[in-house]
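**Q** From the sequence below, what's the structure:
(one chain, ligands or ions: 1)
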Amino acid sequence: MNNRYGKLLNNVLTLAIVCNQWGDTGKGKFVDLFAEWADIIARGTGGANAGHTIRINGKEYIFHLVPSGILWDSDGKINIIGSGVAFDPKIAIEELAILKKEGKSYDKLQISLNAHLVLPQHLVMDRVKESDSDTGKIGTTGRGIGPLYVDHYDRIGLVVNDLLNKDIFAKKLKRNLAGKIKQLHLSDPNIVEKVMRHEHLENGIFYHPNEVFDVDAIIERYLKYGKELREMISDTEEFMRTSVNKNQKILLEGAQGLLLSVDYGTYPYVTSSDCSVSGLAKGVGISEKNIDLTLGIVKAFYMTRVGEGAFPTEIGGEESAEWCGRKDIAEEVEKIKFQQGTVNSKDEFSQGVHIRMAGNEYGATTGRPRRVGWLDLPLLRYAIKHNGPDVILTKLDVLSECETIKICLTHRYEGPNYSIGFKTFNTGSASWIATPNDEILRHCFPIYQTFPGWERDIRGVTDFSCLPKKFKNILDYIAKKAGVNVKILSVGPDRNETIFMD
Ligand code: IMP
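**A** This next block holds a predicted model:
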C-alpha cells in the first residue's frame with residue numbers, strides 16, 4: 001500500500017500533518033489521503049473553530065470537530081478526538097447526525113474523557129467580548145475557544161467525562177458560571193440577550209433574564225448530550241500511548257496553523273491553542289519524539305488569513321483587510337459585485353478579490369471571505385523552525401491564469417525603533433526570518449521577487465516532469481530560499497490531483 005505514497009512513508013509509524021501558515025491550507029485532503037495508510041487518526045488541538053472540507057469524487061463534506069479520517073471508519077480505522085481539543089458536544093452530535101444520514105459509520109470514534117467542554121457561557125463570553133471595541137477585537141470565529149482555554153488554565157473548566165456524572169456536572173457548572181454572571185452583569189444587557197438568543201445558542205433556551213443563564217436548562221441539555229456520546233467517551237491518552245508502543249500506524253491531524261498558535265504565532269491575533277506539531281502531540285497524549293515525519297502544509301503561491309492581525313503581503317492592503325472584516329460580505333456578494341476584472345487586474349484590491357474567488361477562499365466555519373496575499377518566505381522560514389522543513393504545497397492550480405507571480409523574499413521594517421531584548425529593530429532594517437510580534441509585523445513591508453506565470457492549467461498533471469518550466473522555476477526558488485524540502489504538490493482538490501516528489 002505504501003507505493004501510493006512513493007518512498008515518503010518508508011519507516012514511518014507516526015505521521016503528523018500540520019499547517020505552516022494561518023490555517024485553511026487544505027489539510028483535510030491530506031488527512032483523508034493518508035488515512036488510507038493509517039490505523040488511527042487523531043486530532044489534538046482546536047475545536048469547532050476549525051473547518052475541514054473534504055472532496056471525494058466531486059462530493060464535498062465539511063466537518064468542524066469530527067476528525068477528517070471519519071470517512072474511513074467503515075474500513076476499520078479508529079478516529080480519536082484527543083484531550084487537547086475544545087470539545088463542543090452540540091456540534092459533535094450535529095456532525096454525527098449528518099454522517100448517519102449520509103449512511104457513514106462512526107462506530108470506532110473515541111472522544112477523550114479529559115477534553116475540555118465548550119458550554120453556552122463560552123460562546124457568550126467570546127461574542128460579548130468581540131462586540132466590545134475596548135477589549136481589542138481579534139475577529140474570532142465565535143465558537144467559544146478563547147474563554148474555554150481561559151477556564152482550563154483558571155482551573156474551573158468542565159471536561160467531557162463530567163457529562164456522565166450529573167451531580168459533579170451541576171456543581172462544577174455553578175462554580176464555573178458564578179464569575180461569568182458577575183462579569184456579564186457589567187456588560188450591555190441588550191448585547192448579552194441578543195447573543196443568548198442566537199441560533200448557535202439554541203435561540204435562547206439557556207437564557208434567564210435576571211441570572212443570564214438558566215442553569216437547569218443547561219444541565220438538562222448537556223446530560224442528554226452525555227447520554228448520546230457515552231459509548232464513545234474513553235481514556236484516549238492511554239489508548240494513544242499503548243498504540244505507539246504497539247507500532248500502530250498513527251496519523252495526527254493538526255488544526256489551524258503555526259502562525260495562529262497561542263505560543264508561537266502572531267500573538268495576540270491567534271487562536272487559543274498551540275497549533276504547532278508539539279502542541280498537536282501533547283493534545284493527543286504522546287511525545288513529539290514519537291513522531292517520525294511531520295509534513296507542514298503551505299498554500300502556494302499565495303496565502304490567506306481570517307480575522308484581524310498583520311499580513312505584510314496582503315493584496316489590496318488595508319482596503320482588502322477592512323472589506324473582508326465586514327459582516328455583510330460573503331461569497332455571493334463578491335460574485336455579483338466583481339464580475340469585471342481578473343486575477344491579473346492592475347488594481348490590487350480587485351486582483352485580491354479575483355484570487356479569492358479563484359481559490360474559493362471563504363471560511364468553512366464562518367463563511368467569511370479570507371484575506372489573500374502573496375507567499376511570504378520570512379514567515380515560512382519562521383514556521384519551519386517549529387514544524388520542520390518537510391512541506392506539502394497546496395492549491396498550486398489556483399494561480400494558473402496569473403501573468404505574474406510575486407514571492408516575498410524578505411521584509412523591510414518601517415516602524416519606530418523597537419527593542420527586542422538587548423537588540424534594536426531599526427527603521428529600514430531587513431528581516432530574512434519574520435518575528436511573529438504584531439508590533440513588528442504590522443510595520444513590515446514585503447520585498448518581492450517577481451516571476452512570469454506559467455499561464456496553463458496544471459490540474460490534470462500527475463507527473464512532475466510534465467509541469468511547466470516556469471512553474472518549476474518558482475518551486476526551485478522557494479525550496480532554495482526558504483530551506484524547505486517539498487515532498488508533495490497538490491494541483492487540485494481531488495485525491496488523484498497530487499504529485500509525490502520521491
Ligand atoms: P478563535 O479560534 O475563534 O478564537 O479565533 C481566533 C483567530 O483565529 C481569529 O483570527 C480566527 O479567524 C482565527 N482562526 C481560528 N480558527 C481558524 C481556522 O480554522 N482557519 C483560519 N483561521 C482561524
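
**Q** Could you point out which residue ranges in the stretch 101-250 of the chain have low pLDDT?
**A** 133, 135 (pLDDT under 70).

**Q** Run through the residues of it sitting next to the ligand.
**A** When proximity is defined as CB under 6 Å from any ligand atom, the stretch 101-250 of the chain approaches the ligand at 138-141, 143, 145-146. Backbone N, C-alpha and C define where each C-beta goes, glycine included.

**Q** Put together JSON lines for those, with neighbour count on each row.
**A** Output for those, formatted as JSON lines (neighbours: other CB atoms under 10 Å):
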{"residue": "138", "neighbour count": "18"}
{"residue": "139", "neighbour count": "17"}
{"residue": "140", "neighbour count": "21"}
{"residue": "141", "neighbour count": "23"}
{"residue": "143", "neighbour count": "27"}
{"residue": "145", "neighbour count": "26"}
{"residue": "146", "neighbour count": "23"}
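
**Q** Which of the residues you listed fall within helices?
**A** Secondary structure from DSSP state H places 145-146 of these in helices.

**Q** Among the residues of the stretch 101-250 of the chain next to the ligand, which one lies nearest to residue 364?
**A** residue 141 (10.2 Å; CB to CB).

**Q** Next, the contact list for the closest one, please.
**A** Neighbouring residues of residue 141 by CB atoms under 8 Å, 6 or more residues apart in numbering: 48-49, 307, 363, 365-366.

**Q** how about 7 Å then?
**A** Contact partners of residue 141, counting by CB atoms under 7 Å, 6 or more residues apart in numbering, are 49, 365-366.

**Q** One more: residue 44?
**A** Counted by CB under 7 Å, 6+ apart, residue 44 has contacts 82, 84-85, 252, 280, 282-284.

**Q** Could you export those as CSV, including pLDDT, secondary structure and distance to residue 274?
**A** Formatted as CSV, those follow (pLDDT from 0 to 100; DSSP: H, G, I helix; E, B strand; the rest coil; distance: CB to CB, whole Å):
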residue, pLDDT, secondary structure, distance to residue 274
82, 98, coil, 13
84, 97, coil, 8
85, 97, coil, 12
252, 98, strand, 13
280, 98, helix, 8
282, 98, helix, 7
283, 98, helix, 8
284, 98, helix, 13
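
**Q** Of the residues you listed, which is the nearest to residue 102?
**A** Of all the contacts of residue 44, residue 102 sits closest to residue 85, with 22.6 Å by CB to CB.

**Q** quick one: the closest one from residue 145, how far?
**A** Residue 85 sits 10 Å away from residue 145, going by CB to CB, to the nearest Å.

**Q** Could you tell me which residues touch both of these two?
**A** residue 47.

**Q** Can you check what pLDDT the model gives the nearest residue to residue 382 once chain neighbours are set aside?
**A** Nearest residue to residue 382 in three dimensions, chain neighbours excluded: residue 434, at 4.7 Å (CB to CB, 6 or more residues apart in numbering). Among the per-residue scores, residue 434 shows a pLDDT of 97.

**Q** For residue 356, the count of nearby residues, please.
**A** Neighbour count for residue 356, taken as other CB atoms under 10 Å: 26.

**Q** State the three-state secondary structure for the residue of the chain at minimum distance from the ligand.
**A** Residue of the chain nearest the ligand, by CB to the nearest ligand atom: residue 307 (2.2 Å). What DSSP: H, G, I helix; E, B strand; the rest coil gives for residue 307 is coil.

**Q** which of the contacts of residue 141 has the weakest pLDDT?
**A** residue 365 (73).

**Q** That residue belongs to a strand, doesn't it?
**A** No. Counting by three-state DSSP, residue 365 is not part of a strand but coil.

**Q** list the contacts for residue 348?
**A** By CB under 7 Å, 6+ apart, the contact list for residue 348 reads 315-316.

**Q** And it, how close does it get to residue 315?
**A** Distance from residue 348 to residue 315, by CB to CB: 5 Å.

**Q** Ok, residue 216 next?
**A** Applying CB to CB, the value for residue 216 to residue 315 is 51 Å.
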